[in-house]
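**Q** Below is the sequence, then the predicted model.
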Amino acid sequence: MNFRSIQFVTLVGWAIALGGRAQAADPASPIEIDEATRARCLSVLKGALASDEFWPSMHAAEALTQAGFGADVRAALAPKLPRETDDQKRCGLARELSRAGDLSYVQVLTDILGSPNPHGHIHASESLYKIYQVGNGVMLRQALTRADQPKLVMMAGAALGRRGNREALDLVRKYVTDPDGETARIAAWVLARTGRASDLESLRAGAQRFSEPLTKAYFDHALAALGDADGRKALVQNLGHSDFNVRVYAAEFAPEARAVEAKDALVRLLDDPVLDVRIRAAQALLLLAKPAPPSPSENFSRDVFAATAENPRYSEGSVLVRRDGSLIYATTEFQGSGSDFAKARIIAVDSSDEGRTWSDRRVLQENVGQQNVMSVTLRRLKPSNPFDGPIGLFYLVKNSPTDLDVYLRVSNDEAKTFGEPQLVTTDPGYHVLNNDRVTVLSSGRILVPIATTKDAVKAPKYASSCYYSDDQGKSWKRSQGLIEYAKQGAMEPEVLEQADGRLLMQIRTNVGHIAVSESTNGGESWSEAKSWGVAGPESPATLRRIPSTGHLLLIWNDTLRDGKVGSKRTPLTAAVSTDEGGTWSFRRNLENDPTKTYAYTSIVFNKDRALLTYYVRDDKTGRFTSRFRSVPIAWFYETGAAN
């Protein structure tokens, strides 16, 4: 396979280093490069970005983004995409524009993947893999069935596997032993970033089986990325190989292996006669001069909104991923009391490092209710592009135990500002919308599931229904009839779109289980509620679909082992269903401190992670802290308990 024919498997570089290595060597200290060397690296990359060699210019764009020049990359590439007609090159442009800070271009990749013209399918799958995106995952999972196209299967498997789909990676593993060297080395390339210690044996066998230099290099470099000492030694040696293709890939893999001992060899490659070698050497030097990236298995939390005497309750949060990849995290800030009827407003913070650090707080919605505003949901209002279009801020305005309404404000500037409020619940009454509960269907219809009662204090008997809008929230209709249930009724509903198009509403009850209702007409009417067969206390559950697998993820208080309906909201448990909620497996506790309680979870999937928020109530103080937690999607498919 010559250099041109393998462009679709070009290395992702820093994006890979940020999360792809499953079993890498112990992170080494960063190398030191002087200002003159750094300037040489940047000169190589900036010159290559402007070159007429298309794929090397994409590699330079990747490296410049990693070096902090994303704005320059966007300025250089954005004008080119509308003029480009070749789908493979369009994938390269859209990928690097996405990586450079405009995720709206992910839609270009999913459109190409769904095109009847197969010319760009492999490139689209590979590009989605490189930037940790899968869309809704449906087309990539369909690509896994194309056994007649092993490259497409492997690239789709790589994209899905990076987002936690273990079965997709197992399909890739089957190709490591393929007798065809080109096929086998692509599988090795994927496992270098997504593999584990158990893959070392097959990779070592591949390195022994193939003598052709480039194919052997793929296996050696994969071994190096997974921490194998012999593979690392081979990688460093390959930086001086006579075949420029081998030098290219050795330089690309050097940061993943944290091969700091390769510094001098990489500096020499800045003068290599081949442009792509120079690019990858410059990229490697700049990356190795940075600290080692966090482990992809890192499972971390931050108590972003810590309770105080003045603000004893922060709860009911929601997180949204902006077009530039940053996060906004909104929650309710109560004043003076933790009561549902205390004064409260909606505040927010931002993060540009995937939730590790957060900005100062700002007010999204001041208290305009006689009692409070609370229970926030942030949602894109159009399903066509998950990273573009208007953002809805849904919240409750509470005036009394008999007067509670849902309002919507819309942002057209990525949640920097929001427009005037629009009333959603057009009927009088007390309407409860949980945080992070609004559903935007694939048709574009917006569903706001609510529970209604005449009086939340004197006669709290709830019935559920939905308000829906087909014009982006400008007007609203209410579903026919009410969903009722035993005792205190059908509370705090949530709606999920099922694989066959039907809608499932899961409902909180106080009779010891989660109840469900279904709709076959987009939420305009609902069936009689019944038990879902999942035991649960009087506490809300949260249900979402994992994009990479298509499976359902349920998070709730799995506390009814002792049969008590009013059990404490500890632990906070996750489980996965592979059959649309028929059965549940992989039960794991997210939190299980017996001195605390946890509830009102929000979930959004970003890259290879599930981003959660929930309240943490301390039994001793009675205060509520709003916690952010970042969990690898793969974690939900492991067995055992967690802290």
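**A** Arrived safely, thanks for sending. Fair warning: this is a prediction, and the values are worked out from it, not measured in the lab.
**Q** From here on, just use CA atoms for contacts and neighbour counts.
**A** OK.
**Q** mind listing what's buried in stretch 513-533?
**A** Neighbour-count burial for stretch 513-533, with 16 or more other CA atoms under 10 Å as criterion, is recorded at 513-519, 522-526, 529-532.
**Q** any idea which of these is closest to Leu554?
**A** Taking CA to CA as the measure, Leu554 sits nearest to Ile514 out of these, at 11.2 Å.
**Q** check contacts around that closest one.
**A** Contacts for Ile514 (CA atoms under 8 Å, 6 or more residues apart in numbering) come out as 506-508, 531-536.
**Q** let's go with 6 Å and repeat that
**A** With contact taken as CA atoms under 6 Å, 6 or more residues apart in numbering, Ile514 is in contact with 507-508, 532, 534, 536.
**Q** Which parts of the stretch 51-200 of the chain are helices?
**A** 54-66, 70-77, 87-99, 106-113, 121-130, 138-143, 150-162, 166-173, 181-194, 200-209 (DSSP state H, counting those that start in this stretch).
**Q** Dump the ones you listed into TSV; add mean pLDDT and mean neighbour count as well.
**A** Below are the helices of the stretch 51-200 of the chain laid out as TSV (pLDDT from 0 to 100; neighbours: other CA atoms under 10 Å):
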stretch	mean pLDDT	mean neighbour count
helix 54-66	98	24
helix 70-77	98	18
helix 87-99	98	25
helix 106-113	97	22
helix 121-130	98	28
helix 138-143	96	19
helix 150-162	98	29
helix 166-173	96	20
helix 181-194	96	25
helix 200-209	97	18
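**Q** correct me, but Ala60 touches Ala50?
**A** No: counting by CA atoms under 6 Å, Ala60 does not reach Ala50; the two are 9.1 Å apart.
**Q** Quick one: mean pLDDT over the helix or strand encompassing Asp264.
**A** Asp264 belongs to helix 263-269 when elements are defined using DSSP states H and E. Throughout helix 263-269, pLDDT has a mean value of 98.
**Q** right, and the helix or strand after it?
**A** Following helix 263-269 in sequence order, the next helix or strand is helix 275-288 (DSSP H and E).
**Q** Run through who's touching that following helix.
**A** 30-31, 41, 45, 56, 63, 248, 251-252, 255, 266, 269-270, 272.
**Q** Buried members of these into ChimeraX, please.
**A** Entered in ChimeraX, the line below selects the buried ones among the contacts of helix 275-288, by 16+ other CA under 10 Å:
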select :30,31,41,45,56,63,248,251,252,255,266,269,270,272
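**Q** and the contacts of helix 275-288, which two are the farthest apart?
**A** Pro30 and Pro56 (25.8 Å).
**Q** and the one helix or strand Ser318 maps to, what does it pack onto?
**A** In the assignment (DSSP H and E), Ser318 maps to strand 314-321. Under the contact definition 3 or more CA pairs under 6 Å, 6 or more residues apart in numbering; DSSP states H and E, strand 314-321 sits against strand 327-335, strand 624-632.
**Q** orientation of whatever helix or strand comes next after the first one relative to strand 327-335 in degrees?
**A** Meaning strand 327-335. Counting by DSSP H and E, the next helix or strand C-terminal to strand 327-335 is strand 343-351. Counting by axes from the mean of the first three to the mean of the last three CA atoms, to 10 degrees, strand 343-351 points 160 degrees away from the direction of strand 327-335.
**Q** Could I get the full set of strands for the stretch 501-643 of the chain?
**A** Counting by DSSP state E, counting those that start in this stretch, the stretch 501-643 of the chain has strands at residues 503-508, 513-519, 530-535, 542-545, 552-556, 572-577, 585-591, 596-606, 609-618, 624-632.
**Q** mind checking which of these is nearest Ser211?
**A** Closest to Ser211 of these, according to CA to CA: strand 624-632, at 37.1 Å.
**Q** From the chain's centroid, how far away is that closest one?
**A** Centroid separation for strand 624-632 versus its chain: 15 Å, with CA atoms, centre = their mean, to the nearest Å.
**Q** How about stretch 60-76?
**A** With CA atoms, centre = their mean, you get 22 Å for stretch 60-76.
**Q** Ok, stretch 443-456 next?
**A** For stretch 443-456 - counting by CA atoms, centre = their mean - the centre lies 26 Å from the chain centre.
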